[in-house]
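>>> Need the 3D shape of this:
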Amino acid sequence: MDHLTPASALAADPQPAHGEVRLSQARLGDRGVIGRVHVRPDVDHHGLSAEELERRLLELGFVEGAAIEVIHEGAIGRDPIAVRLDDMRVALRRHDAADVIIRLDARSAGR
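Predicted structure coming up:
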């Protein structure tokens, strides 16, 4: 199976499972691994289709099993956020980060 679920199948899986959170809800210092990317087809993605945003997130490295850590939050509304994604640093809007579901490690989940 591909690392990302096809956008056409995403409507059936709107909420993170137990032990998972949306990246947009993660806090500074939180660490974990990417569980899946769930691009919400019913949300405005600033002119991008759900399929295009899914493709872009995949190209940036947001794939299942990738290690992730929140390393920076913007001053206004904590937006944008910067994450360490495996060995890269990537910044994205919290709006788009809501489409990335992560499993927090035990230390982060216990806060």
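>>> in this structure, which residue is closest to the centre?
Closest to where the C-alpha atoms of the chain average out (C-alpha atoms, centre = their mean) is Val100, at 2.2 Å.
>>> Roughly how far does that one sit from Ala75?
22 Å (C-beta to C-beta, to the nearest Å). Placement of C-beta: from N, CA and C, glycine included.
>>> How about Gly32?
Counting by C-beta to C-beta - Gly32 and Ala75 are separated by 24 Å.
>>> which of these two has more neighbours?
When neighbours are counted by other C-beta atoms under 10 Å, Gly32 comes out ahead of the other of Gly32 and Ala75, with 24 against 6.
>>> can I assume the more buried one is in contact with Ile101?
No. The pair Gly32 / Ile101 is not scored as a contact, 10.0 Å apart, by C-beta atoms under 8 Å.
>>> contacting residues around the residue nearest to the centre of the chain?
The contact partners of Val100, by C-beta atoms under 8 Å, 6 or more residues apart in numbering, come to Arg22, Leu23, Ser24, Ile34, Val37, His38, Leu57, Phe62.
>>> quick one, what contacts the last one?
If a contact means C-beta under 8 Å, 6+ apart, then Phe62 has Ile34, Val37, Leu85, Val100 as its contacts.
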